[in-house]
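**Q** my questions are about this predicted structure, shown below with the sequence.
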Amino acid sequence: MSVAITNIGSLVTNDPNIGSGILGELENAGVVIEDGKIAWVGNSGSAPAADQVIDAKGMGVIPGFVDSHAHLVFAGDRSKEFEARMNGEKYSAGGIKSTVAKTRAASDAELEANLITLQNEMIRSGITTFESKSGYGLSVADEARSLAIAAKHTSETTFLGAHVVPEDFASRADDYVALVTGEMLDACAPHAKWVDVFCDVGAFDVDQSRAVLQAGIAKGLKPRIHANQLATGGGVQLAVELDCASADHCTHLSTSDIEALAGSNTVATLLPGAEFSTRATYPDAKKLFAAGATVALATDCNPGSSYTTSMSFCISVAIRDMGFSPEQALWSATLGGAKALRRNDIGALSVGMSADLVVLSAPSFRHLGYRPGVDQIFHVIKSGKTIYKHQDGIK
Ligand SMILES: [Zn+2]
């Protein structure tokens, strides 16, 4: 079964060999999908015959968004905390604990239903691959079941037992790290691909974070890290030291942090929703791009500090407030996310890549930043199959 998408006004391939600029943009383009993969890319008029033809009617097509940072296994919401913050209170890592209590009290079915609701929101927002972390169970059984639930819906699962020190381990952080790196890791590793730690003020220090990541690596997990969200510290340097796939947040970066990222295989993943929702200062992506670092954008969807599943929203904020060009923002939300997950089969639309793509209801990707808050996701295809199509409900 082959599918041709023709009459594409602007196609983002993310392959500079195919089209112009870093996005490899091609106008009046066509794409042919076969067996779930991109089989042909070129001028719409030259598209080879296919079993099915989708007329894009001059609209834009982009690779599906790759959300490399999300926390989808939890119960409850923290809208009151958001309201208090918007009324002047400061964000601290401690708020996580209120979600932990609700998550522990929820059934597996409740946690999974919530994850599915958020996953469906992501699909409607054009996200075709998402990562999800544990981190709201913080006990052996609750972390393990969080990951088992996430693993039913994504292959990109991350063990984040070291999210914060739970209240039952108050002033015994080292005992908790011993649990995370021992019994909890043993229970969680079968369901996880990645290991993560919140290395920041009020969470875990650099030595504790190194112990968590090294224990995970020894169990066969790959490292990633929450670093430098609340303050400059050693998180980014630790990420580079351990060859983490990604250092996430990067809100507060020193010049040496930027140089270290630029000279490494560690992606700097920026999370605009977190600064937006905690009214924090935005990081300056211009400095990262100027140094040559690889930058990703992700939603950080979580109930406390960034309760959004909209990559288009993140792109708007990144362009408006974080120094991204529209091209850089689109690249970071697609191929950048793929690199943050060390995936080379998604995030671009050249021949052989997975056919994960979005037909927009706009002539090009530029409208994502240009029309903030407007739903312009029309048709979402993953591995060649339609997973969402916008049906216009207004009569
Ligand atoms: Zn996070």
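**A** Sure thing, it's come through.

**Q** CA atoms for contacts and neighbours, from now on please.
**A** Noted.

**Q** for residue 280, helix, strand, or coil?
**A** Assigned by DSSP: H, G, I helix; E, B strand; the rest coil, the conformation of residue 280 is coil.

**Q** and it, how many neighbours does it have?
**A** Residue 280 sits with 15 neighbouring residues when counted by other CA atoms under 10 Å.

**Q** how about it, phi and psi?
**A** Main-chain dihedrals, residue 280, degrees, to the nearest 10: phi -100, psi 170.

**Q** and the least confident helix or strand in the chain by mean pLDDT, what does it pack against?
**A** Using mean pLDDT, DSSP states H and E, helix 79-86 stands out as the lowest-scoring helix or strand of the chain, at a mean of 90. Applying 3 or more CA pairs under 8 Å, 6 or more residues apart in numbering; DSSP states H and E, one finds that helix 79-86 contacts helix 272-278.

**Q** tell me which other helices or strands the helix it packs on touches.
**A** Packing partners of helix 272-278 (3+ CA pairs under 8 Å, 6+ apart): helix 79-86, helix 311-321.

**Q** most tightly packed of those helices?
**A** Of all those, helix 311-321 has the most neighbours on average by mean count of other CA atoms under 10 Å, namely a mean of 24.

**Q** may I have that one as CSV, with CA atoms only?
**A** Below are the C-alpha coordinates for helix 311-321, written out as CSV (Å, rounded to 0.1, in the frame of the first residue of the first chain):
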residue,chain,number,x,y,z
MET,A,311,4.3,21.9,20.6
SER,A,312,2.9,24.8,18.6
PHE,A,313,2.6,26.9,21.8
CYS,A,314,6.2,26.0,22.7
ILE,A,315,7.3,27.1,19.2
SER,A,316,5.5,30.4,19.5
VAL,A,317,7.2,31.2,22.9
ALA,A,318,10.6,30.0,21.6
ILE,A,319,10.4,32.4,18.7
ARG,A,320,9.0,35.3,20.6
ASP,A,321,11.0,35.1,23.8
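
**Q** which residues sit against whatever helix or strand comes next after that helix?
**A** Note on helix 311-321: by DSSP states H and E, the next helix or strand toward the C-terminus is helix 326-333. Identification of contacts with helix 326-333 by CA atoms under 8 Å, 6 or more residues apart in numbering yields 14, 22-23, 65-67, 295-298, 311, 315, 318-319, 365-366, 369.

**Q** repeat that for 6 Å
**A** 65, 295-297, 315 (CA atoms under 6 Å, 6 or more residues apart in numbering).

**Q** can you redo the residues you listed as TSV with pLDDT and secondary structure?
**A** Shown next, in TSV, are the contacts of helix 326-333 (pLDDT from 0 to 100; DSSP: H, G, I helix; E, B strand; the rest coil):
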residue	pLDDT	secondary structure
65	99	strand
295	98	strand
296	98	strand
297	98	strand
315	98	helix
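
**Q** farthest-apart pair in these, please.
**A** Among the contacts of helix 326-333, the pair separated by the greatest distance (CA to CA) is 65 and 295, at 14.1 Å.

**Q** these two - which one has more neighbours?
**A** residue 65 (34 against 28).

**Q** isn't residue 14 right up against residue 348?
**A** Yes. With contact defined as CA atoms under 6 Å, residue 14 reaches residue 348; the gap is 5.0 Å.

**Q** look at those two and report which has more neighbours.
**A** residue 348 (29 against 25).

**Q** which SS class is the more buried one?
**A** At residue 348, secondary structure determined by three-state DSSP is coil.

**Q** which residues does it contact?
**A** 13-14, 63.

**Q** one more time with 8 Å
**A** Applying CA under 8 Å, 6+ apart, we find residue 348 in contact with 12-15, 63, 334-335.

**Q** from the chain's centre, how far out does stretch 136-150 sit?
**A** With CA atoms, centre = their mean, to the nearest Å as the basis, stretch 136-150 stands 20 Å off its chain's centre.

**Q** can you tell me what sits against that stretch?
**A** Residues outside stretch 136-150 that contact it (CA under 8 Å, 6+ apart): 72-74, 96-97, 99-100, 103-104, 108, 111-112, 115, 132-135, 157-159, 161-163, 165-166, 183-184, 187-188, 191-192.

**Q** in strands, which of the residues you listed fall?
**A** Using DSSP state E, the members of those that fall in strands are 132-133, 157-159, 161-162.

**Q** enumerate the positions of the helix ranked longest in the chain that are buried.
**A** Longest helix of the chain, by residue count under DSSP state H: helix 108-124. Residues of helix 108-124 classed as buried: 108, 111-112, 114-116, 118-120, 122-124 (neighbour count, 16 or more other CA atoms under 10 Å).

**Q** now render those residues as CSV, adding pLDDT and distance to residue 373.
**A** Shown next, in CSV, are the buried residues of helix 108-124 (pLDDT from 0 to 100; distance: CA to CA, whole Å):
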residue, pLDDT, distance to residue 373
108, 98, 33
111, 98, 28
112, 98, 28
114, 98, 23
115, 98, 23
116, 98, 23
118, 98, 18
119, 98, 19
120, 98, 18
122, 98, 15
123, 98, 16
124, 97, 13
